[in-house]
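Please work out how this folds:
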Amino acid sequence: MAIILGIDPGSRTTGYGLINAVGNKLEYVDCGCIKTAADSLPERLNTIFTELDKVIARSSPQQVAIEEVFMGRNAASALKLGQARGTAMAVCLSHDLPVAEYSARKVKQAVVGAGSAEKAQVQHMVKALLKISANIAEDAADALAVAICHAHTEASLIRMAGAKSFSRKRLRR
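Numbers count the residues shown, from 1 in each chain. The predicted structure is shown next:
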């Protein structure tokens, strides 16, 4: 059993999602958005740090997964996103939590089955996989998707490590 905190970082809105991974079974725990109202970037980063710190203290996750920075056309936006991501990682590391990183494409592949999936598809699949009937914000759904991706990745690694035998047919010529 592991509580996984997924984070979708943003300088204006940072989504977070918590799931409980028990073997192959995933259970929804909580999700939400940290909205930053301040105009200055340092104040927004402080809000992200403070609010994520509260989430971690309240939920006691064992693992954290965070989405990597996607480099779009605007370098200034990517830098701000990187700073928000770094702040989120710093608060997690201040709690001695292991942090895993996943690209948006990998997250979409794990949840929807296609790396080019639309946000609405991700949101729909997150709700279906976690049996959530209520509406959830896009950023919170993205954070839950990151947590789901991490749970699937961890489960695959455990299965691979536990494999006792494998076929050598492809190795023979």
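
Now do the helices in this structure.
41-59, 75-94, 104-111, 119-129, 138-162 (DSSP state H).

Give me the buried positions along the fourth one.
Of the residues in helix 119-129, those buried under the neighbour-count criterion (16 or more other CB atoms under 10 Å) are Val122, Gln123, Met125, Val126, Lys127, Leu129. Backbone N, C-alpha and C define where each C-beta goes, glycine included.

Check which helices and strands the helix or strand bottoming out on mean pLDDT in the chain sits against.
Least confident helix or strand of the chain, by mean pLDDT, DSSP states H and E, is helix 138-162 with a mean of 85. Applying 3 or more CB pairs under 8 Å, 6 or more residues apart in numbering; DSSP states H and E, one finds that helix 138-162 contacts strand 2-8, strand 13-22, strand 25-35, strand 63-67, strand 99-102, helix 104-111, helix 119-129.

Run the angle between it and strand 13-22 for me.
For helix 138-162 against strand 13-22, the angle by axes from the mean of the first three to the mean of the last three CA atoms, to 10 degrees is 40 degrees.

Can you list the buried residues in helix 138-162?
Applying 16+ other CB under 10 Å to helix 138-162 flags 139-152, 154 as buried.

returning to that earlier point: closest one of the buried residues of helix 119-129 to Leu79?
Val122 (25.0 Å; CB to CB).

before we move on, the earlier item: quick one, which of the helices and strands packed on helix 138-162 gets closest to Lys80.
strand 13-22 (11.8 Å).

Give the pairing partners of that closest one; include direction for each.
strand 2-8 (antiparallel), strand 25-35 (antiparallel) (DSSP bridges).

any idea which of those is most buried?
strand 2-8 (a mean of 25; mean count of other CB atoms under 10 Å).

May I have the phi/psi pair for Ser60?
Backbone torsions of Ser60, given as degrees, to the nearest 10, read phi 50, psi 60.

Model confidence for it, exactly?
In this model, Ser60 is scored at 97, pLDDT.

What degree of burial does it show, as a neighbour count?
By other CB atoms under 10 Å, the residues close to Ser60 number 11.

residue contacts, it?
Shown in contact with Ser60 (CB atoms under 8 Å, 6 or more residues apart in numbering): Ile3.

now do Ile19
Ile19 touches Ile3, Ile4, Gly6, Leu26, Glu27, Tyr28, Val29, Leu130, Leu144, Ala147, Ile148, Ala151, counting by CB under 8 Å, 6+ apart.
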